[in-house]
Each structure stands twice: as structure tokens, then as C-alpha cells.
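**Q** All I have is the shape, not the residue letters:
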């Protein structure tokens, strides 16, 4: 618990600074780092640390993908083709030592993770207030935090015991309720201090509820991968919170969803 509090005390101010006050270049660097580390964690989960070639390729392509999806999103099929050639070409070069699940981890780690983190850059480029870049974090972390405490105090019925044994239905409901409360608080803050919100209270309640479901799917999806390969955490960058994929699993699902929704506003 102490390490969780320490990460929150250090991490939340750093997140607020990078999103709200730092030069755009700082956020670009942070997203490149997160994408690269996330891709590395996924490949190590699947391949193990000994397959350094696949790990290095995953990191390089993930960092490259963030930039590509930001500058040239219309050319995504070309990127997929290039990266497929890179990973399959490397597997052929290794003479069959690289397995298909390792190739797929490389492609998913670079393309999907890179695309999700690049959502923040595309949102910023759309011209909306930078405070809205906090929403993917708010509507992910709030769900996770409220679900944790609701499950700890009220949890009795397992949600997905074969995927994540500690998660409960009561915790899931608590996470959804907490997400809605934090979403409504965000609207109030935008109305009160930033000249008005793009989203009203009613639509935000619905959006927060939907994103809460998406966040839990994201969390369970990466838990499913961990359970298949027999690891507890993807990494230890955030101490008790684990690695990038442990901490940002929900964000990776919520961020592109919010980008798509905001594109219609």
C-alpha cells in the first residue's frame, strides 16, 4: 500500500504537468517511452528476456508507430505491411526459432499500443482544451481505484475467476459508479474554471459508464495474457502497480474510444 501511495504522490503531479503545462514535445517523448516500454513488456511476457532481438524490434517499431499514427494516420495499412515484413523477415532469418505468438506479440505491441498512445497526440492536434487529454486517465484510473476499494470492502461474487481471481462483481459496479462520479466532477470543473465543458452532465454520465465498461475489458484483456504466460506483473516500473501494461492497460482501450467519440463533437 505504501508503494501505491508513493507512486500516486509522484505520478499524479507529473501526469498533470506533462498533460496540462509541459511543452508538447515533453508529452511526445513521454508517449514514445510508454509505448516502447509497453511493447517491451509484452514481448518479454511472450518470449522471455533471452529473445533480445524480438524485444528490440518490438520497442523500435512501437516508438516508430506512435510517430507514424500521429503524422500519417491515413497510411496505417502501409505501416502494418512494413511491420509485418519486419517481424516475419526476422523470424525467417532466425530459422524458425521465433514462434508465431512472438510475432503476433510484436505486431500487437507495436501497432495497437502505438496507435492507442498516439490518440493523445491526435486529440491535442484536434484543438480541444488540453484538459480533455486527462479524460482517458480519469475514466480509467477512477474505475480501477473505485473497483479496488469496492471489491475490498463489499466483494463476494467473482467477476471472472479464471482470468483475474481477485476481481468481483461488486467491485466492478463500484468502479462504474466511481467513473460516473469522476466524470461528472470533470464537467463541473470545466464549467467552473475553464469556460464550459464540451459535454453536458447527462452525456458525460453515459460516457463515463461506457468508458468504465471499456476500461474493465482492457484490464481483463491484459490479465488474460498474463495468466496464459504465467506472470504476475508485466514489469516493476511503477513498483506495486507493476509495469506500463499493468498501469495503463485500461487507458490503452479508453483513449482511442474517446478520440473517436470526440471526433463527432
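**A** All right, it came through fine. Because the structure is a prediction, the values reported are computed rather than measured.
**Q** which phi and psi does the closest residue in space to residue 205 that isn't next to it in sequence have?
**A** Of all residues not flanking residue 205 in the chain, residue 180 sits nearest, at 5.2 Å (C-beta to C-beta, 6 or more residues apart in numbering). The C-beta positions use only the backbone N, C-alpha and C, and glycine is treated the same way. When read as degrees, to the nearest 10, the backbone of residue 180 gives phi -60, psi -40.
**Q** Tell me where the model's unsure across the stretch 1-150 of the chain.
**A** In the predicted model, the stretch 1-150 of the chain carries pLDDT under 70 at residues 1-4, 7, 49-50, 73.
**Q** Need the three-state assignment for the closest residue to residue 51 other than its chain neighbours.
**A** Spatial nearest neighbour of residue 51, chain neighbours left out: residue 102 (6.7 Å); criterion: C-beta to C-beta, 6+ apart. Of the three states, residue 102 takes helix according to DSSP: H, G, I helix; E, B strand; the rest coil.
**Q** And for residue 196?
**A** Note that with three-state DSSP, the state of residue 196 is coil.
**Q** what's the burial count for the nearest residue to it once chain neighbours are set aside?
**A** Leaving aside its sequence neighbours, residue 196 sits nearest to residue 190 (C-beta to C-beta, 6+ apart; 6.6 Å). Residue 190: 18 surrounding residues under other C-beta atoms under 10 Å.
**Q** what residues are up against residue 190?
**A** With contact set as C-beta atoms under 8 Å, 6 or more residues apart in numbering, residue 190 has these partners: 129, 131, 196-198.
**Q** so which helix or strand takes in it?
**A** Element membership for residue 190 (DSSP states H and E) is helix 169-193.
**Q** sorry, back to before: how many neighbouring residues does the residue nearest to residue 205 have?
**A** Here the number of neighbours of residue 180 (other C-beta under 10 Å) works out to 22.
**Q** just checking, it touches residue 209?
**A** Yes. If you go by C-beta atoms under 8 Å, residue 180 and residue 209 touch, sitting 5.6 Å apart.
**Q** for residue 236, helix, strand, or coil?
**A** Applying three-state DSSP: residue 236 is coil.
**Q** neighbours of it, just the number please.
**A** Residue 236 has 12 nearby residues by other C-beta under 10 Å.
**Q** how near is it to residue 37?
**A** 11 Å (C-beta to C-beta, to the nearest Å).
**Q** overlap in contacts of these two?
**A** By C-beta under 8 Å, 6+ apart, residue 236 and residue 37 have these common neighbours: residue 243.
**Q** And the helices in the stretch 101-250 of the chain, which stretches?
**A** For the stretch 101-250 of the chain, the helices defined by DSSP state H, counting those that start in this stretch cover 113-125, 135-154, 169-193, 201-229, 244-247, 249-262.
**Q** Throw those into TSV and include distance to residue 28, thanks.
**A** Output for the helices of the stretch 101-250 of the chain, formatted as TSV (distance: least, C-beta to C-beta, whole Å):
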stretch	distance to residue 28
helix 113-125	7
helix 135-154	16
helix 169-193	24
helix 201-229	23
helix 244-247	16
helix 249-262	15
